[in-house]
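> Show me the folded form of this:
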Amino acid sequence: MSQSISSINTLLVDIKTVNNSLLIKLQQAGFNTTLHLGHENEYTVKSLINRTDTLAIHFLTITANREQFMQRTGYAERKEIESILQKLYISLKETQNNLYFINQRRPEICEGQTLSYISEADEITQLPLANSIEYIDMLKPYCRMLELVIAQERIHALSAVLETLLHKDQESKKLHQEEDVDLTDEQNNALELSHYLVKQAL
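Model (predicted):
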């Protein structure tokens, strides 16, 4: 078993576990999760948390097929993914820890500033969750590669189904000696689905 993949999977599970409760904890602490953040305000707090969850699911899906993940990535790439995931996890975990402090001490929340509150030192402090945008951006090229792999797997699986269906159709033609036999509803549905998946993969 690859050590890098084991570490990646552990981090993904940890990220998903911490991330699952963040939205509710932020709202309970009084943070406005509809405020925007990012270089171009591309996220709300809520959509950032949802994006993190989606990212973890994508990676867990592809790493489930260890052999293909090993073939599609080099050792240096896997260590880079592991390093970025570690930083992402730390930003989520530190946010969780800060929220525990906030719930205990009840500092003033800065309503107009995303994920910000007044610290004990009377300074405006932003939760580490804001830093996770940087790590998600760093993982996006790997996400696109993994999404392509998943799409290719679906196309290959569908091609096998289509081949079986068309083979049955050819056998039927031979048995009944019919030259112009229309595709069955099942075969038409399979063809329509294949066209859809090919478009999604492109």
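
> What values do phi and psi take at the residue nearest to the spatial centre of the chain?
Nearest to the mean C-alpha position of the chain, by C-alpha atoms, centre = their mean, lies L55 at 1.8 Å. Dihedral angles of L55 (phi, psi; degrees, to the nearest 10) stand at phi -60, psi -40.

> One more: Q126?
Per degrees, to the nearest 10, the backbone of Q126 is at phi -100, psi 140.

> pLDDT at E42, what is it?
The model reports E42 with a pLDDT of 95.

> Run through the residues that contact the residue nearest to it when sequence neighbours are not counted.
Counting by C-beta to C-beta, 6 or more residues apart in numbering, E42 lies nearest to H36, which is 7.8 Å off, once chain neighbours are set aside. For the C-beta atoms, the positions are set from N, CA and C on the backbone; glycine is no exception. H36 sits next to E42, Y43, T44, T114 when contact means C-beta atoms under 8 Å, 6 or more residues apart in numbering.

> separation between the third one and E108?
Here the criterion is C-beta to C-beta, to the nearest Å. By it, T44 lies 22 Å from E108.

> quick one, which of the two is more surrounded?
T44 (17 against 12; other C-beta atoms under 10 Å).

> I'd say the more buried one and L35 touch.
Yes: the criterion here is C-beta atoms under 8 Å, and T44 meets it with L35 at 6.5 Å.

> All the helices of the chain, in order from the start?
Counting by DSSP state H, the chain has helices at residues 3-29, 45-63, 66-72, 75-105, 132-176, 185-201.
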